[in-house]
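Participant: Sequence first, predicted model second:
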Amino acid sequence: MNLNPLYVALDTPDLERAVTLARSLSTAVGGIKLGLEFLSAHGPEGLRRLIDEGLPVFADVKFHDIPNTVAGAARALSGLGVGIFNVHASGGLAMMRAAKEATLTARTPAKVLAVTVLTSLGPEDLARVGQGRRVEEQVVRLALLAREAGLDGVVCSPREIGAVRQACGPDFLIVTPGIRPKGAELGDQVRVMTPFEAVQAGADILVVGRPLTAAKDPAAAARALLLEIGGGSSA
Ligand code: C5P
């Protein structure tokens, strides 16, 4: 892998803290992930501030609406210079196609990823919303639909990397949260993998939040994570 696969999740409503963290990690990570917490607090202005720091930005917006509305939102994000954003695969083929097509007018079209099944949903939750299939089966089904729609890849839990890679082939981007260096605090993450295991399983981008943002020296923590990936020292 040539590009730095580490994206730091800046999960904070504090704009100055996000900018400070981005600066301190600017040479140690491959990109920044901004989620709904940050985006709802700071909107496009906040997004621009972070994009101006120079690292690729992944806007974790998880759009899910009618195709026309999602296309408009996708065009706006792409125009801001976002590098990656995502939509819910359960919004359907036409919605995903519309999202991807809307990015193509931007100077550098954003990559569009699909969220398959939220990892907060277990089998019983899925059954209650009418999805009786096994979680992995549903994830693969939605990943294949995303590929058919022309999306660039999916976000999935470490547990599903192998099945998605096998079903969708080598060129489909797999982005994975739930990464913890060996021996680290799990926080609220349950289904975790070490960075080495996730890359071995086929992940292209690892989204890591607290192990970097809560570290005394975030850049040193990021470099240690990269070493784990390269040398397999955590395996
Ligand atoms: O701090 P931590 O490394 O757990 O952060 C992981 C990031 O990935 C957070 O921004 C979280 O919202 C996101 N994420 C996740 N699990 C998912 C989808 C997204 O942890 N299934």
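Facilitator: Received the coordinates, thanks.
Participant: Let me know the average pLDDT across the helix or strand residue 69 falls within.
Facilitator: Secondary-structure element containing residue 69, defined by DSSP states H and E: helix 67-80. Mean pLDDT, helix 67-80: 96.
Participant: just stretch 27-43 next, same as before
Facilitator: On average, stretch 27-43 scores 96.
Participant: Give me the buried positions along it.
Facilitator: Buried residues in stretch 27-43, defined by neighbour count with 16 or more other Cβ atoms under 10 Å: 28, 29, 30, 31, 32, 33, 34, 35, 38, 39, 42. Heads up, the C-betas are built off the backbone N, CA and C, glycines and all.
Participant: To which secondary structure element is the last one assigned?
Facilitator: Pointing back at residue 42 there. helix 36-51.
Participant: other SSEs contacting that helix?
Facilitator: With contacts defined as 3 or more Cβ pairs under 8 Å, 6 or more residues apart in numbering; DSSP states H and E, helix 36-51 has these neighbours: helix 15-24, strand 31-34, strand 57-63, helix 67-80.
Participant: And the contacts of the longest one?
Facilitator: I take that to be helix 67-80. 44, 47-48, 51, 59, 61, 63-65, 85, 87, 91, 94-95, 97-103, 105-106, 109-110, 112 (Cβ atoms under 8 Å, 6 or more residues apart in numbering).
Participant: Would you mind pulling the contact partners of the helix holding residue 42?
Facilitator: Residues contacting helix 36-51 (Cβ under 8 Å, 6+ apart): 10-13, 15, 18-19, 22, 32, 34, 57, 59-62, 76, 80-82.
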